[in-house]
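Asks: here is a sequence together with a model predicted from it:
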Amino acid sequence: QIELEESGGGLVQPGGSLRLSCVASGGMYQIDRMGWHRQVPGKQRELVAVITSTGSTNYSDAVSGRFTISRGKAKNTVYLQMNSLKPEDAAVYYCNAAVQIMKNSGISNYWGQGTQVTVSS
């Protein structure tokens, strides 16, 4: 059973910073890519940033230049450094991992429970 555990959410003032962390655990062959999505009530979940196993990154236009995604040395951890936060960044942030369970298996997506980020003065 693959589990993703997020941490680091909270309340921050506009212009402030937060760092989200996500750790993947469970039996797996490898993680292909990890990423962060966010969702506000009444809207679809949207991609924030993704990082591949080779370190390639991609960001949404809304966060490009302000957020940085990175992976830990163990490759089962992903971070999201969020700077210059705006009220519109407030959302529940979900960690996502594309996992290959066994060497010859396909890729399956897994999600964390989400962590709340609130940006308010």
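Replies: Arrived safely. Residues are numbered from 1 along each chain as shown.
Asks: stretch 6-23 - what's its average pLDDT?
Replies: The pLDDT scores in stretch 6-23 average 97.
Asks: let me fix that: stretch 46-58
Replies: The predicted model gives stretch 46-58 an average pLDDT of 96.
Asks: got a list of contacts for that stretch?
Replies: Contacts of stretch 46-58 from elsewhere in the structure, counted by CB atoms under 8 Å, 6 or more residues apart in numbering, are 30-39, 59-60, 62-63, 67-71, 75, 78, 80, 93, 96. (Glycine included, C-beta is placed from N, CA and C.)
Asks: and the residue most central in space within the chain, how far from Tyr29?
Replies: Note on the chain: the residue nearest the mean C-alpha position is Trp36, at 2.5 Å, using CA atoms, centre = their mean. Look at Trp36 and Tyr29: by CB to CB, to the nearest Å, they are 23 Å apart.
Asks: follow-up on the earlier one: which non-adjacent residue is nearest the residue nearest to the centre of the chain?
Replies: Excluding the flanking residues, the one nearest Trp36 by CB to CB, 6 or more residues apart in numbering is Val48, at 4.4 Å.
Asks: point me to the helix or strand that includes the one you found.
Replies: For Val48, the host element (DSSP states H and E) is strand 46-52.
Asks: helix or strand next in line after that strand, which one?
Replies: Next element after strand 46-52 (DSSP H and E): strand 57-59.
Asks: okay, now the sheet partners of that next one, with direction.
Replies: strand 46-52 (antiparallel) (DSSP bridges).
Asks: ok, back up a step: just the buried residues out of the contacts of stretch 46-58, in ChimeraX syntax.
Replies: A single ChimeraX command is used to select the members of these judged buried by 16 or more other CB atoms under 10 Å:
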select :31,33,34,35,36,37,38,59,63,67,68,69,71,78,80,93,96
